[in-house]
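> The following block contains a protein sequence and its predicted model.
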Amino acid sequence: MEALGHLLQGFAAALTPGYLLYAFVGCMLGTLIGVLPGLGPAAGTAILIPLTFSLDATGAIIMLCAIYYGAMYGGTITSVLINVPGEAASVVTCIDGHQMAKQGRAGSALGIAAIGSFVGGTLATVALVAVAMPLASLALKFGPAEFFALMVAGLCLVVGLAGNNMLAALLMTVIGLLFAMIGVDPVRGAPRFTFGVEELYDGIGFVPVVMGLFGVAELLLAAEKRQTHMVEAELKSWMPTGAECRQSAGAIGRGTVVGFVLGLIPGVGAIVPTFMAYVLEKRVSKTPERFGKGAIEGVASAETANNAYANASMVPLLALGIPSSPTIAVLMGAFIVNGITPGPFLFKEQPQLVWTVIASFFVGNALLLILNLPLVGLWAKLLKIPFSYMCAGVLIFCVIGAYGLKQSLFDVWVMLGFGILGYLLRKLDFPIAPAILALILGPMMERSLRTTLEISGGSFAIFLDRPVALILLAIPVIVIAFLLFKPRSLAPLRESDIE
Amino acid sequence: MIIRRRTLLAATAAAAVASPALAQNYPRRTVQLIVAFPPGGSTDVGARILAAAAEKDLGQTITVVNKAGAGGQIGFTEVARARPDGYTLGFLNLPAVNTIILDPERKAAFNVDSFIPVINQVLDPGLIWVKGDSPYKTLADLTEAARKNPGKISACTTGILSDDHLAILMVQEAAKCEFRIVHFDGGAQQITGVLGGHVDCAFDNVGGVFKRVQSGEVRGLAVTDVERSKFLPNVPCTKELGMPTIISSSTRGVGAPKGTPADVVKVIETAFLKAINSPEMLQKMDAVGLALKPMVGAEYAKYYADTQAQAKKYTEWALKMR
Amino acid sequence: MRQGRLVATGAMLAFCLFALWQSLLLSLTDRLGPGPGFFPFWLALIGIVLSLALLVSIWREPGPAADASIEEVRILPHGWGALRCFAIVGLLAAVTIAMEFVGFRLAMLVFNAALVIALGERRWWLIAVFAVLGSFGVYYLFTTWLDVLLPTGRFGI
């Protein structure tokens, strides 16, 4: 209850006009960063840090957090409109979001994303207030062994992404994992599969790959069809309808839980919760066949999970001083430069400040909604640009996006190559999402297994001693057993033989 | 255009040939400072503070560019390959630069001579730390335990062949004990690992954890330096503990690619030195727990060479163990 | 479609075989268990099995019915659409090469104009405005305001 009193004081501080303005400006700049290519949330936040130097510590932090939220939301806009995910967190949004746009429902997609983000972010912050400290210490129990198990379980999600061809999905997963092996290996710290190309030492860049597989491939498909616009359907909706909102309510609820729980674990990254929420939604849906063809629940669950994750990852930061993603690490750096070192002592040393910042999380989430809902229509109007200009514009966008993160022309070639590959795979009906998930999870999985074995001195028995890891590892086994009992789902292609 | 072509000519004319016109004109545009580690880390925070301060004296914008990856190798390679015209500088992390050069499997595209060490900014000494309620109260407790149970006490680094990895080897050598070495990816994982009870002790640098030591959340056992750190006056240094061979730190400064004209280097050195010696710099760096250690010219060059020699011994040892 | 899927699966099989060969050059195990070659080796092996299984399953698929042939999806671009695809890919490759020599601004200026013309735009003034905004304008925005460095060519522009 003491916390509640602190929080109310925090609200009183955060709602002063000055701080409100900082939060507002932060949200706007953040959204812009999310929309613009080449920056990504981490680098984007980093370049805006100097802006906050002239503010007092509280103001600076309110603004930085608002920038962070804005940046996490901004990627949604490009995903829905032009099928270009700016960063990992919005890859899943592409799957159904852009399909919705193609049906003239861009407004609905963007609207539900804003609403879902708001609900997810706000509920996650409520949970943060209520249970931050106990949960944070629980999260510490999550060691490399549990992390490895989580990654393995996460990889099993591909089964849920598979659509009607399990074999192809599994093969794409393996191909994605093989691509993930490129770079410095976690065992010896030596380059692997790099063939002497220095640009490959840090692995294949994720952003160029997804920009190619989604953005460039989409353009090629549209160009071939001689479309006059990127999206040919008439804009049917500016806002999600009541029915669509009801349809998404469950997805938003489940997305919040998934995002929040995974946000507590340092190092998971935004892509895992979005994929998990999406697959969960597809599993519980009575009409799973709509997924991938413009299901609004798909967008709602991924976006909600993304923002719930973003807010929940503040728990390890504030309660333990552990940054759980590169962007949070940048935020933490900015906190420190402003004289605030996040950690357990922060609640004791500067309670006023912490609670004001937490209050500002609520304010930031609300501002993001207020700011973005009216803009949805404006964004959707961009789809009216003729294809020739849209195509050139998106390509400029993709080139900067691929080049900008590392200032590497090699990455532009990677983007082009994966663009052609993406085009062919789409034509051949090979699923792309499993490969992307594998590309992200592969290195984390291998590294955490290595660390686990370093801790145990090479003994695999460590997994038996750890109940959480054991449960997580049991999931894939159960899934595989389930598949074996229903062999038909493994080979749907053969069903036509039987007929 | 014309200036630019002249720069190019001067650059290709190579190392020592200094064109006075060049230094007079330098800098004419934005200077890039490549940081080989991701935004938000100690190196990045220090570099950004330095860049912001030195801009004023240099008279041009200094842009910090993060080229992280492969333990710094990506960024260092970029610096080594940059046009030596003074418009691309790099942050040199010692001994990270050295261990990459010394590991033949890394196939580094640069060597010791690829960089001109211009000016050092930070010397962040190593810190050996354990959980706040750990039974190990002193470094001797820890090494004693590691000697009695060889390979059972786990010690974590911030990466393979990082300065922390070398520091563990130094302790093993000095105290004749054996740790179970666990490689994490950066300081944040160490915190989770030690506080969560997954590993017994961690080797990091003062800047990353000093605040936690001050608050009592974790216990600093020793600073691997010849003197105590001003941020942790209560933590003994390895020299006073009678282990003077355990000297390890992460040292960070500005370097230029080989062939940068000497007068341009001088301009950079002057501007950065002024920035590093300013009171605001001290104040900002104190806030983040990074100790300033300005070194220029021959002193920095000697330090660079000494680090290489020291790193050689332990890197070879580490390579043999894997 | 069926043929295309066969070729693509075959290509993936070849890729996995290549990965298998490469992984054998690394050590499969080390002191603590899995070595650098461990994951690549098993993944490549699983990939080979999967791609063989997929090949068989596609092989046993019935061929397209006669009446479906008109509707059949073509894998490679064809007709006028193909020209547009090749224009995009070709220009993108050209601009990537050109950027290194003439810098982002000049390369993008030509790229923008060429691409919109290739895609059917004929109003010269719109093309000119777009090309300039999309190259010099974008460059200014990103380098000056956003600290994103874009390539400058050999001549400093």
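Arrived safely, thanks for sending. Residues are numbered from 1 along each chain as shown, chains lettered A, B, ... in the order given.
> quick one, longest helix in the chain?
If you meant another chain, say so; for now it's chain A. Ranked by residue count under DSSP state H, the longest helix found in chain A is helix A:106-140.
> I was after chain C.
Per DSSP H, chain C has its longest helix at helix C:79-118.
> Now do the helix or strand following that helix against helix C:79-118, angle only.
Downstream of helix C:79-118, the first helix or strand assigned by DSSP states H and E is helix C:124-132. Orientation of helix C:124-132 against helix C:79-118 (axes from the mean of the first three to the mean of the last three Cα atoms, to 10 degrees) gives an angle of 80 degrees.
> Now look at whichever helix or strand comes after helix C:124-132 and say if it contacts chain B.
As assigned by DSSP H and E, the chain's next helix or strand after helix C:124-132 is helix C:138-140. No - with Cβ under 8 Å from any Cβ of the partner chain as the criterion, chain B is not reached by helix C:138-140; the gap is at least 13.2 Å. Where C-beta positions appear, they are placed from N, C-alpha and C, glycine not excepted.
> and helix C:138-140, what does it pack onto?
helix C:79-118 (3 or more Cβ pairs under 8 Å, 6 or more residues apart in numbering or on different chains; DSSP states H and E).
> any residue of the helix it packs on up close to chain B?
No - Helix C:79-118 does not reach chain B (Cβ under 8 Å from any Cβ); its nearest approach is 11.6 Å.
> And the average pLDDT for that helix is what?
Mean pLDDT, computed over helix C:79-118, is 92.
> In terms of secondary structure, what does that helix contact?
helix A:217-224, helix A:387-404, helix A:409-427, helix C:124-132, helix C:138-140.
> Could you report the pLDDT at B:Leu8?
40.
> Check A:Glu2 too.
69.
> my read: A:Gly333 touches B:Pro38, true?
No - the criterion here is Cβ atoms under 8 Å, and A:Gly333 misses it with B:Pro38 at 10.1 Å.
> With neighbour numbers in mind, choose between these two.
A:Gly333 (22 against 19; other Cβ atoms under 10 Å in any protein chain shown).
> Is my assumption valid that the more buried one occupies a position in a strand?
No - using DSSP: H, G, I helix; E, B strand; the rest coil, the assignment for A:Gly333 is helix, not a strand.
> now it, nearest residue through space, not along the chain?
B:Gly40 (4.1 Å; Cβ to Cβ, 6 or more residues apart in numbering or on different chains).
> how about the longest helix anywhere in chain B: buried residues?
The longest helix of chain B (DSSP H) is helix B:297-321. Buried residues in helix B:297-321, defined by neighbour count with 16 or more other Cβ atoms under 10 Å in any protein chain shown: B:Tyr300, B:Tyr303, B:Tyr304, B:Thr307, B:Gln308, B:Gln310, B:Ala311, B:Tyr314, B:Thr315, B:Ala318.
> same check, this time on stretch A:17-33
So stretch A:17-33, judged by 16+ other Cβ under 10 Å, has buried residues A:19, A:22-33.
> Can that stretch be said to contact chain B?
No - in terms of Cβ under 8 Å from any Cβ, no part of stretch A:17-33 sits within range of chain B; the closest distance is 13.2 Å.
> Could you list the low-pLDDT ranges of chain C?
Scanning chain C for pLDDT under 70 picks out C:63-74, C:156-157.
> do the same with the stretch 351-499 of chain A
If you take pLDDT under 70 as the line, the stretch 351-499 of chain A has these spans: A:483-499.
> how about the residues of it near chain B?
Residues of the stretch 351-499 of chain A lying near chain B (Cβ under 8 Å from any Cβ): A:Lys406, A:Gln407, A:Arg447, A:Arg450, A:Thr451, A:Glu454, A:Ile455, A:Gly457.
> if we go to 10 Å?
A:405-408, A:444, A:447-448, A:450-458 (Cβ under 10 Å from any Cβ of the partner chain).
> same thing with the stretch 1-150 of chain A?
A:40, A:42-47, A:49-50, A:53, A:136-147.
> filter those residues down to the ones near chain C?
Answer for those near chain C (Cβ under 10 Å from any Cβ): A:Ala43, A:Gly44, A:Ala46, A:Ile47, A:Pro50.
> Next, the first one: phi, psi?
A:Ala43 adopts backbone torsions of phi -70, psi -40, taken as degrees, to the nearest 10.
> Nearest residue to it in space, please, no chain neighbours.
B:Pro39 is the one closest to A:Ala43 (Cβ to Cβ, 6+ apart), at 6.3 Å.
> if I look at the one you found, how far off is A:Gly111?
33 Å (Cβ to Cβ, to the nearest Å).
> can you check B:Tyr314 too?
Taking Cβ to Cβ as the measure, B:Tyr314 falls 59 Å from A:Gly111.
> now C:Val116: how far from C:Cys85?
16 Å.
> I figured B:Met243 was touching B:Cys237, is that so?
Yes - in this structure B:Met243 lies within contact range of B:Cys237 using Cβ atoms under 10 Å: 9.4 Å.
> Now list whatever residues contact both of these two.
Counting by Cβ atoms under 10 Å, 6 or more residues apart in numbering or on different chains, the residues touching both B:Met243 and B:Cys237 are B:Ala222, B:Thr224.
> Going by proximity to chain B, name the top residue of the stretch 251-400 of chain A.
A:Ala329 (3.3 Å; Cβ to the nearest Cβ).
> Assumed A:Phe260 was part of a strand.
No - applying three-state DSSP, one finds A:Phe260 to be helix, outside a strand.
> does it really touch A:Val268, like I thought?
No - counting by Cβ under 10 Å, A:Phe260 stays clear of A:Val268, with 11.8 Å between them.
> Verify the contact between B:Gly208 and B:Gly40 for me.
No - counting by Cβ under 10 Å, B:Gly208 does not reach B:Gly40; the two are 11.6 Å apart.
> My guess is B:Val288 contacts A:Gly333. True?
Yes - with contact defined as Cβ under 10 Å, B:Val288 counts as touching A:Gly333 (8.4 Å).
> so what sits against both of the two?
Joint contacts of B:Val288 and A:Gly333 (Cβ under 10 Å, 6+ apart) are B:Ser42, B:Val45.
> so C:Phe155, which of the three states?
Relying on three-state DSSP, one would call C:Phe155 coil.
> if you skip the residues just before and after it, what's nearest to the most centrally placed residue in chain C?
Nearest to the geometric centre of chain C sits C:Val89, at 8.4 Å (Cα atoms, centre = their mean). In space, and not counting its chain neighbours, C:Val89 is closest to A:Ile420: 6.5 Å by Cβ to Cβ, 6+ apart.
> Who are the contact partners of that neighbour?
Counted by Cβ under 10 Å, 6+ apart, A:Ile420 has contacts A:Gly212, A:Val216, A:Ala217, A:Leu220, C:Cys85, C:Val89, C:Leu92.
> Excluding residues flanking it in the chain, which one is nearest the fourth one?
In this case it means A:Leu220. Per Cβ to Cβ, 6+ apart, closest to A:Leu220 is A:Tyr423, 4.4 Å.
> Ok, the first one next?
Distances taken as Cβ to Cβ, 6+ apart put A:Phe418 closest to A:Gly212, at 3.1 Å, once the chain neighbours are dropped.
> Right, I'll leave it there.
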